[in-house]
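A.B. asks: Attaching a predicted model along with its sequence, questions to come.
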Amino acid sequence: MTVLSSALDVGGQDYRANREAMLAKLADLDTEHAKALAGGGEKYVERHRKRGKLLARERIELLLDPDTPFLELSPLAAWGSDYTVGASLVTGIGVVEGVECLITANDPTVRGGASNPWSLKKALRANDIALANRLPCISLVESGGADLPSQKEIFIPGGAIFRDLTRLSAAGIPTVAVVFGNSTAGGAYVPGMSDHVIMVKEKAKVFLGGPPLVKMATGEESDDESLGGAEMHARVSGLADHFAVDERDALRQARRVVARLNHRKAYADPAPAEPPKYDEDELLGIVPGDLKQPFDPREVIARIVDGSDFDEFKPLYGTSLTTGWASLHGYPVGVLANAQGVLFSAESQKAAQFIQLANQRDIPLLFLHNTTGYMVGKEYEQGGIIKHGAMMINAVSNSRVPHLSVLMGASYGAGHYGMCGRAYDPRFLFAWPSAKSAVMGPQQLAGVLSIVARQSAAAKGHPYDDEADAALRAMVEQQIESESLPMFLSGRLYDDGVIDPRDTRTVLGLCLSAIHTASFEGARGGFGVFRM
Ligand code: COA
């Protein structure tokens, strides 16, 4: 029997307290998501509607197949910055005419849909996802181009947007641009670099320079329509392949374009899978509000994998890391989940072996994070924790099967790297509201700073001010704590979104389906030198 048993006491006090803490965090998350949905706010939404236009998410909804999900990515981009939450751009994966596509839509209610540094990061992340997973890319365009006051941050790196579009095309990944409004100057290259272009009558404005600029440059008198209207581009310049009479017609035509792409997935869809034996709702009560308390990740695995069926690998060895085989919505996965928080030498070696096995078998890997990092201390240093941790990081870096990461709890220090943190290019990375990630815990970091400051004062022969030290520690602790929280990290695009734990199986299933659009093969060799 490999079906996991559960020891979760759903009537117990701990469970109830954990659940309450998680629900409170989810309520805060809802508040922040609502800001992204509100876009530029009532005034600008109203004005947009009065112009007879649809909102970005309404456009996406009409583009997608009816009653199919949309996996929105990075909705909290720009959180904690001076820019509007969501970064004036909506991105995500959805199904159009049965084809999973990567969709981006400017939000014209936020500063005319202009791109700020976070919009750029979000757009580039979307392009990476399209490329890695071979997803056709549909851009729903209406943007004031670069956010002019922040041009220094975006002008030079922003060229990558157009570069990516043509590289996608070169890789045989279709690109479609639907232009609903302004798409001028640099923005003109979005339709310019796309395989298929649809423009909306009397609304699309696609030109390198508008009438005032043309007048300044050459003295020529012109107007928007003759310079860059849909009719002109459809009949004269040939930049528009399709002329749409209105927004709905444009979205209908986009669906027809996708229907004719002949874009095929590398793998057939798996047969419908058995749901977990335990209620996904119980995922709310597993992670303790205080991350210092450990929890058994098998309780999580039991609520996300098919039939709660899990074949554990090396269960008696390196027990602080649980590894094993399962399937999720019918897709085989190898799971690595932190059990007691700390990674020791045995756990690191076990992980390296397990990652190699998954590569030999072409099985994607799922990393479930709750780690305070690799173990420190004389005994462990002498036992070779650096070289063993390096083995795990080598394995995860050079692994070629797709990786998925979910930050459930702590994800600190090099443990974040070994468990396939953002810099290790997991295909997708999501965080639960309970997650925290930083170079180390806030108390430890503040303590280290204090010790260093004390030693420095002693070396210079200066007296040490204990009162100032306590104040500094408190301030640093607070700063690091706030910088470790998922909304802050999501705002900086360090994940693809903060998700409700109850949605984990669904979100991972959508990601695995997208991943299986492109073929992949594990690394048979090609790892760096494993330091023994
Ligand atoms: N950078 C920074 N802010 C911008 C912006 C940009 N590129 N485009 C628009 N905004 C701001 C406006 O200043 C305005 O702010 P406010 O409401 O606080 O005054 C808000 O966004 C809405 O713009 P508005 O012009 O009222 O909206 P609109 O829907 O009538 O027109 C545009 C939208 C994009 C057509 C128009 O704003 C425009 O032409 N912008 C400049 C386009 C451009 O030349 N970009 C450079 C290309 S690289």
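C.D. replies: That came through, no problem. Predicted, not measured: the structure shown is a model, and the values here were computed from it. Numbering: from 1, shown residues only.
A.B. asks: switch to C-alpha atoms for all contacts and neighbour counts from now on
C.D. replies: OK.
A.B. asks: contact partners of whatever helix or strand E61 lives in?
C.D. replies: Per DSSP states H and E, E61 falls inside helix 56-63. If you take CA atoms under 8 Å, 6 or more residues apart in numbering as the criterion, helix 56-63 is touched by 90, 96, 103, 105-108, 140, 248, 251-252, 254-255.
A.B. asks: where does the protein have low pLDDT?
C.D. replies: 1 (pLDDT under 70).
A.B. asks: That one against the ligand: which residues are in contact?
C.D. replies: 111-112, 114, 143-148, 182, 184-186 (CA under 6 Å from any ligand atom).
A.B. asks: filter those to the buried ones?
C.D. replies: Listed as buried from these are 111-112, 114, 143-147, 182, 184, 186; burial here means 16 or more other CA atoms under 10 Å.
A.B. asks: what's the next secondary structure element after the helix holding E61?
C.D. replies: strand 70-73.
A.B. asks: Can you list the helices and strands that whichever helix or strand comes after that following strand packs against?
C.D. replies: As assigned by DSSP H and E, the chain's next helix or strand after strand 70-73 is strand 89-96. Counting contacts by 3 or more CA pairs under 8 Å, 6 or more residues apart in numbering; DSSP states H and E, strand 89-96 packs against helix 56-63, strand 70-73, strand 99-106, helix 117-133, helix 247-259.
A.B. asks: Could you take the ones you listed and lay them out as TSV, with extra columns for mean neighbour count?
C.D. replies: TSV is the format used below for the helices and strands packed on strand 89-96 (neighbours: other CA atoms under 10 Å):
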stretch	mean neighbour count
helix 56-63	18
strand 70-73	20
strand 99-106	26
helix 117-133	22
helix 247-259	19
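A.B. asks: Can I get these in JSON lines including distance to A518?
C.D. replies: Listed next are the helices and strands packed on strand 89-96 as JSON lines, based on distance: least, CA to CA, whole Å:
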{"stretch": "helix 56-63", "distance to A518": "23"}
{"stretch": "strand 70-73", "distance to A518": "18"}
{"stretch": "strand 99-106", "distance to A518": "11"}
{"stretch": "helix 117-133", "distance to A518": "5"}
{"stretch": "helix 247-259", "distance to A518": "17"}
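A.B. asks: right, so of these, which gets closest to G80?
C.D. replies: helix 117-133 (11.1 Å; CA to CA).
A.B. asks: So which elements touch the closest one?
C.D. replies: Under the contact rule (3+ CA pairs under 8 Å, 6+ apart), helix 117-133 is packed against strand 89-96, strand 99-106, helix 151-170.
A.B. asks: quick one: the helix or strand following that helix to chain centroid distance?
C.D. replies: Using DSSP H and E, the helix or strand that follows helix 117-133 in sequence is strand 137-143. When distances are taken as CA atoms, centre = their mean, to the nearest Å, strand 137-143 is centred 19 Å away from the chain's centroid.
A.B. asks: Please save the CA atoms from strand 137-143 in CSV.
C.D. replies: C-alpha atoms of strand 137-143 as CSV (Å, rounded to 0.1, in the frame of the first residue of the first chain):
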residue,chain,number,x,y,z
CYS,A,137,1.7,34.1,-27.5
ILE,A,138,-1.3,36.4,-27.9
SER,A,139,-0.8,40.1,-27.2
LEU,A,140,-3.9,42.2,-26.6
VAL,A,141,-2.4,45.6,-27.2
GLU,A,142,-3.4,49.1,-26.0
SER,A,143,-0.5,50.9,-24.4
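A.B. asks: State the paired neighbours of that strand in the sheet, together with their directions.
C.D. replies: If you go by DSSP bridges, strand 137-143 pairs up with strand 99-106 (parallel), strand 175-183 (parallel).
A.B. asks: Export the ones you listed as JSON lines, with columns for distance to Q443.
C.D. replies: JSON lines is the format used below for these (distance: least, CA to CA, whole Å):
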{"stretch": "strand 99-106", "distance to Q443": "40"}
{"stretch": "strand 175-183", "distance to Q443": "48"}
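A.B. asks: Name the nearest residue to K53, ignoring sequence neighbours.
C.D. replies: Spatial nearest neighbour of K53, excluding adjacent residues (CA to CA, 6 or more residues apart in numbering): E247 at 7.4 Å.
A.B. asks: can you tell me which residues contact that neighbour?
C.D. replies: 53-54, 180, 200.
A.B. asks: Can you tell me which of those residues is nearest Q443?
C.D. replies: L54 (48.5 Å).
A.B. asks: Who are the contact partners of whatever residue of the stretch 251-400 of the chain ends up closest to the ligand?
C.D. replies: Nearest residue of the stretch 251-400 of the chain to the ligand, counting by CA to the nearest ligand atom: L251, 20.5 Å away. Contacts here follow CA under 8 Å, 6+ apart; on that basis L251 touches 59, 62-63, 178.
A.B. asks: returning to that earlier point: how about the helices and strands packed on helix 117-133 in CSV, adding distance to A77?
C.D. replies: Output for the helices and strands packed on helix 117-133, formatted as CSV (distance: least, CA to CA, whole Å):
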stretch, distance to A77
strand 89-96, 9
strand 99-106, 13
helix 151-170, 15
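A.B. asks: burial count for D279?
C.D. replies: 12 (other CA atoms under 10 Å).
A.B. asks: thought it was touching I304?
C.D. replies: No. Applying CA atoms under 8 Å as the test, D279 and I304 come out as separate, 9.2 Å apart.
A.B. asks: Could you check how many residues crowd around the residue nearest to S513 when sequence neighbours are not counted?
C.D. replies: Nearest residue to S513, sequence neighbours excluded (CA to CA, 6+ apart): D269, at 7.6 Å. D269 has 13 neighbours, counted by other CA under 10 Å.
A.B. asks: ok, now A171?
C.D. replies: 11.
A.B. asks: Also A474?
C.D. replies: Neighbour count of A474, defined by other CA under 10 Å: 15.
A.B. asks: ok, it - contacts?
C.D. replies: A446.
A.B. asks: so is it in a helix, a strand, or just coil?
C.D. replies: helix (DSSP: H, G, I helix; E, B strand; the rest coil).
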